[in-house]
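In: what's the 3D shape of this:
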Amino acid sequence: MMIGFKSFVEAIHEAIAGAADVLMDKNHELLGKYFETVTEKSPADNAAEEREILKPKIVNLDYPTLDEKGKVVASQVQVPLITLVPITASQVEKATLTAEFQLSIVDDELFIDFSGTKKEGENTSAGKLEIVISPKETTEGFQQIIAGYEMALKRQIS
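Out: Numbers count the residues shown, from 1 in each chain. Purely as a prediction, here's the structure:
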């Protein structure tokens, strides 16, 4: 079976773009794990209008502190859930699909043959391609949001 190289590359590109979209959607789902959507009225200048806001999911924890006498007492601290867990996202970093094939030129067009049959000739050569998906760092904006919540948490326990 032979397929035009251009069609093959377009199909691979579409598959990789689709995989990137799926990973982006999964990364977006992280917001739902650590934030909840609430509807609030807009500021007083337009009180009739409502807007959706993402608020962090909060857990209440007992945190040990010292009272005036130096005795350990429990204080309740509101902790944004996002500060308690490591956040990782994924992206398609490098496309590397491993497949062996023969490349042939037919009527000045490049074709790929996956049949496994080796063909000899001046217009034929072997090729290989590989696909790799790896984790990526969270965005700077997301890291700064987490850092802001961590600072708010530190103020509560300091």
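
In: going forward, measure contacts between C-alpha atoms and count neighbours the same way
Out: Noted.

In: how far away is the residue of the chain most remote from its centre from Glu14?
Out: Here the centre of the chain is the reference, and by CA atoms, centre = their mean the most remote residue is Lys69, at 48.7 Å. Noted for Lys69: a distance of 67 Å to Glu14, by CA to CA, to the nearest Å.

In: same thing with Val106?
Out: Val106 is 25 Å from Glu14, by CA to CA.

In: Could you do Val72 as well?
Out: Note on Val72: its distance to Glu14, by CA to CA, is 60 Å.

In: Which of the helices and strands in this protein ranks last by mean pLDDT?
Out: Ranked by mean pLDDT, DSSP states H and E, the helix or strand of the chain with the weakest confidence is strand 132-136, at a mean of 57.

In: Spell out the residue ranges of the helices in the protein.
Out: For the chain, the helices defined by DSSP state H occupy 5-34, 140-157.

In: Using a markdown table, lay out those helices together with distance to Tyr63, mean pLDDT and mean neighbour count.
Out: As requested, those are exported to a markdown table (distance: least, CA to CA, whole Å; pLDDT from 0 to 100; neighbours: other CA atoms under 10 Å):
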| stretch | distance to Tyr63 | mean pLDDT | mean neighbour count |
| --- | --- | --- | --- |
| helix 5-34 | 21 | 83 | 14 |
| helix 140-157 | 8 | 83 | 13 |
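
In: what's the closest of those to Phe114?
Out: Nearest to Phe114, of all those, is helix 5-34, at 11.2 Å by CA to CA.

In: Off-centre distance for that closest one?
Out: A distance of 10 Å separates the centroid of the chain from that of helix 5-34, by CA atoms, centre = their mean, to the nearest Å.

In: what packs against it?
Out: Contacts defined by 3 or more CA pairs under 8 Å, 6 or more residues apart in numbering; DSSP states H and E place helix 5-34 against strand 89-94, strand 109-113.
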